[in-house]
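Chemist: With the input below, show me the fold.
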Amino acid sequence: MTSTLRNELLYGTRALLRDQLAGGRLIRRLRAHEVLSEQALAQLQQNLLHRTLQTAIRRLPYYAHIRTDFGPAEAHEVLRREFPVITKRTLLDQPAALYPNGGRRRLWQPAGMTSGTTGAPLTVFRSLGSVLTEQAFIKRHWSWVGYKQGMPRATLRGDMVVALDCQQPPFWFWNRYDQQLVLSSRHLTEAHADAIIDRLAALQPVMMQAYPSTAYTLACLLQRRGRTLRIPYILTASEPTYAHQRELVGERLCGQLVDMYGMAERVAFATECEFGEMHINPDYSYVEIVDENGQPTNDYGYVVGTTFHNSAMPLVRYRLSDHTRWKPGLCACGRHFPMIERVTGKLEDSITGSNGEVISPSVLTFAFKGVHNIRKSQVAQVASGRWEIRVVPDVHFSPDDRAQLIDNVHHLVDPGVHVEVVLRDALPNTEAGKFRWVVNECSAAQQ
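Modeler: Residues are numbered from 1 along each chain as shown. Down below sits the predicted model:
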């Protein structure tokens with residue numbers, strides 16, 4: 001099957017299932033939540049939390065001992081009293097108790113996978129309804145910047161729309177079903193940048209989805225050419241966004257960078273509003289911020305989330321490695337959605353591929369897709385065009401897992417880089433107590 005035909009099938013199916021079924025009515029319902037009072041939102045959240053807890057008790061053996069004879073008004077109290085904080089490690093160690101059907105996914109249940117960066121790769125079972133609802137939440141956020149269905153948009157993330165070894169344009173796929181230009185971020189290099197920039201200039205998209213790092217790389221390429229684009233809004237996610245990135249992206253793409261915070265486990269969702277504040281979406285999940293002891297804190301703490309919309313595998317009080325803190329007050333946007341400070345997570349250096357171009361940390365996560373039996377991992381650049389993937393293996397880690405890691409790098413990230421998988425007993429944190437997932441250990445002179 002050619003890449004064009006594969007893309008047509010993929011994006012055509014997505015448009016039918018996600019956009020047609022998740023459009024209209026569901027998005028309008030979510031938009032109505034934006035104007036609810038604080039009290040009405042609290043009542044809505046209480047009802048959604050009650051539904052999730054009842055589902056978890058019925059479907060997951062881990063919670064089967066908890067009584068179900070409580071109503072929505074008691075949901076928060078029951079959550080804190082009966083449901084312990086869990087982590088990715090808890091899920092991996094007790095799949096029979098925390099996954100439905102003894103850990104066996106049904107054919108109709110989509111799978112969501114994490115890359116296993118600061119821990120092990122993880123698969124989460126999803127209900128079909130949660131997939132449609134997720135898209136509706138994303139489109140509600142897009143509406144905050146004035147986007148409407150049918151407006152031209154571009155995507156510069158990790159989509160594999162052309163082969164890595166492609167040397168001639170197009171380095172993109174035109175998704176005619178959604179008026180979306182899907183660009184290959186692997187081809188965002190000096191050799192291919194002009195073709196990509198010219199295509200964006202011709203399209204004049206209303207907005208562009210990107211990783212902060214890919215949007216910044218595009219801005220750098222524009223700066224070196226003395227060029228600008230005019231893309232009013234750049235919607236970013238998946239990585240921290242830094243001030244210098246915002247500044248150059250704003251200068252060279254002539255638009256506003258608007259951030260979103262989410263994850264594969266889908267236990268928290270925060271979106272940046274028109275006034276630059278990050279808002280937890282209280283109709284998406286129940287979010288707590290806790291300290292090292294699992295106690296609520298108004299200082300910086302761990303993000304703990306309870307999903308509202310995944311009936312197949314409800315995650316309850318799931319702790320992420322990300323840190324933030326609550327921000328008091330009511331935003332000028334008028335929404336009664338709680339505000340948080342910018343989320344901080346793992347530390348990452350900048351590393352380059354076989355051609356000397358910077359590789360986005362989010363693109364690197366593709367190396368871990370579908371790889372199992374890893375407790376912790378780190379990607380290190382040890383020389384020009386040479387990487388080490390350091391792995392703390394689980395007991396079942398095999399030569400096949402090692403081979404798949406290397407194969408994923410060459411087929412999904414960079415075909416020319418030399419990569420070696422090195423097993424370690426441990427991967428320590430920095431002196432500040434944080435973990436550095438992507439590290440560059442070679443000097444500028446070596447690169």
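Chemist: pLDDT below threshold where in the chain?
Modeler: Under the criterion of pLDDT under 70, the regions of the chain flagged as low confidence span 1, 18-23, 115-120, 345-348, 429-435, 443-447.
Chemist: mind giving me the domain split of it?
Modeler: Under the assignment automatic domain parsing, the domains of the chain span 3-10+136-261, 34-125+262-340, 347-446.
Chemist: Let me have those in TSV, extended by distance to residue 24 and mean neighbour count.
Modeler: C-beta here means a position set from N, CA and C on the backbone, and glycine is covered the same way. Formatted as TSV, the entries for the domains of the chain read as follows, by distance: least, CB to CB, whole Å; neighbours: other CB atoms under 10 Å:
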stretch	distance to residue 24	mean neighbour count
domain 3-10+136-261	9	19
domain 34-125+262-340	17	17
domain 347-446	31	17
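Chemist: quick one: which of the ones you listed is nearest residue 28?
Modeler: Set against residue 28 and scored by CB to CB, these come closest in domain 3-10+136-261, at 9.4 Å.
Chemist: Quick one: the helices in the stretch 301-447 of the chain, in order.
Modeler: For the stretch 301-447 of the chain, the helices defined by DSSP state H, counting those that start in this stretch occupy 361-364, 399-408.
Chemist: which SSE is the residue of the chain positioned farthest from its centre in?
Modeler: The centre of the chain is farthest from one residue, residue 69, which by CA atoms, centre = their mean lies 35.9 Å away. Remark: residue 69 resides in no helix or strand, with elements defined by DSSP states H and E.
Chemist: Could you report the separation of it from residue 54?
Modeler: Using CB to CB, to the nearest Å, we find residue 69 at a distance of 10 Å from residue 54.
Chemist: Next: residue 85.
Modeler: Counting by CB to CB - residue 85 and residue 54 are separated by 20 Å.
Chemist: ditto for residue 122
Modeler: From residue 122 across to residue 54, the span is 25 Å (CB to CB).
Chemist: what's the answer for residue 93, then?
Modeler: Relative to residue 54, residue 93 is positioned 25 Å away (criterion: CB to CB).
Chemist: Same check on residue 220?
Modeler: When distances are taken as CB to CB, residue 220 and residue 54 turn out to be 51 Å apart.
Chemist: Then residue 187?
Modeler: Residue 187 sits 48 Å away from residue 54 when distances are taken as CB to CB.
Chemist: Then residue 2?
Modeler: Here the distance between residue 2 and residue 54 works out to 48 Å (CB to CB).
Chemist: how distant is stretch 63-79 from the center of its chain?
Modeler: Averaging C-alpha coordinates over stretch 63-79 and over its chain gives two centres that are 30 Å apart (CA atoms, centre = their mean, to the nearest Å).
Chemist: in its sheet, what does the lengthiest strand in the chain sit against?
Modeler: When secondary structure is assigned using DSSP state E, the longest strand within the chain turns out to be strand 374-383. Sheet pairing of strand 374-383 (DSSP bridges) gives strand 386-393 (antiparallel), strand 436-440 (parallel).
Chemist: I'd like the next helix or strand past the helix or strand hosting residue 224.
Modeler: Assignment of secondary structure by DSSP H and E places residue 224 within helix 212-225. Past helix 212-225, heading to the C-terminal end, the next element that is a helix or strand (DSSP H and E) is strand 233-236.
Chemist: Pretty sure residue 289 sits in a strand.
Modeler: Yes: with DSSP: H, G, I helix; E, B strand; the rest coil as the criterion, residue 289 is located in a strand.
Chemist: For the nearest residue to it once chain neighbours are set aside, give the beta-bridge partners.
Modeler: Taking CB to CB, 6 or more residues apart in numbering as the measure, residue 289 lies nearest to residue 301, with 4.4 Å between them; neighbours along the chain are not counted. The residues listed as beta-bridge partners of residue 301 by DSSP bridges are residue 324.
Chemist: Let me know whether residue 301 touches residue 325 as I believe.
Modeler: Yes: when contacts are counted by CB atoms under 8 Å, residue 301 is listed as touching residue 325 (6.7 Å).
Chemist: Common neighbours of these two, please.
Modeler: Contact with both residue 301 and residue 325 is made by residues residue 289, according to CB atoms under 8 Å, 6 or more residues apart in numbering.
Chemist: remind me, longest helix of the protein?
Modeler: The helix spanning the most residues in the chain, taking DSSP state H as the definition, is helix 38-59.
Chemist: wait, residue 336 sits on residue 36?
Modeler: Yes: applying CB under 8 Å, one finds residue 336 in contact with residue 36, separated by 6.7 Å.
Chemist: Please enumerate the helices of the stretch 151-300 of the chain.
Modeler: With helices called from DSSP H, counting those that start in this stretch, the stretch 151-300 of the chain shows them at 193-203, 212-225, 243-253.
Chemist: out of those, which comes closest to residue 45?
Modeler: For the helices of the stretch 151-300 of the chain, distance to residue 45 was read as CB to CB. The smallest value, 29.7 Å, belongs to helix 212-225.
Chemist: How far off centre is that closest one?
Modeler: For helix 212-225, the gap between its own C-alpha mean and the chain's C-alpha mean amounts to 21 Å (CA atoms, centre = their mean).
Chemist: State the distance from the closest residue in space to residue 396 that isn't next to it in sequence to residue 60.
Modeler: Leaving aside its sequence neighbours, residue 396 sits nearest to residue 373 (CB to CB, 6+ apart; 4.5 Å). With the distance defined as CB to CB, residue 373 ends up 23 Å from residue 60.
Chemist: now swap in residue 298 and tell me
Modeler: 31 Å.
Chemist: Equivalent analysis for residue 158, please.
Modeler: If you measure residue 158 against residue 60 using CB to CB, the figure is 31 Å.
Chemist: Equivalent analysis for residue 155, please.
Modeler: Going from residue 155 to residue 60 by CB to CB gives 35 Å.
Chemist: Please apply the same query to residue 230.
Modeler: 50 Å.
Chemist: same deal with residue 129?
Modeler: With distances defined as CB to CB, the gap from residue 129 to residue 60 amounts to 18 Å.
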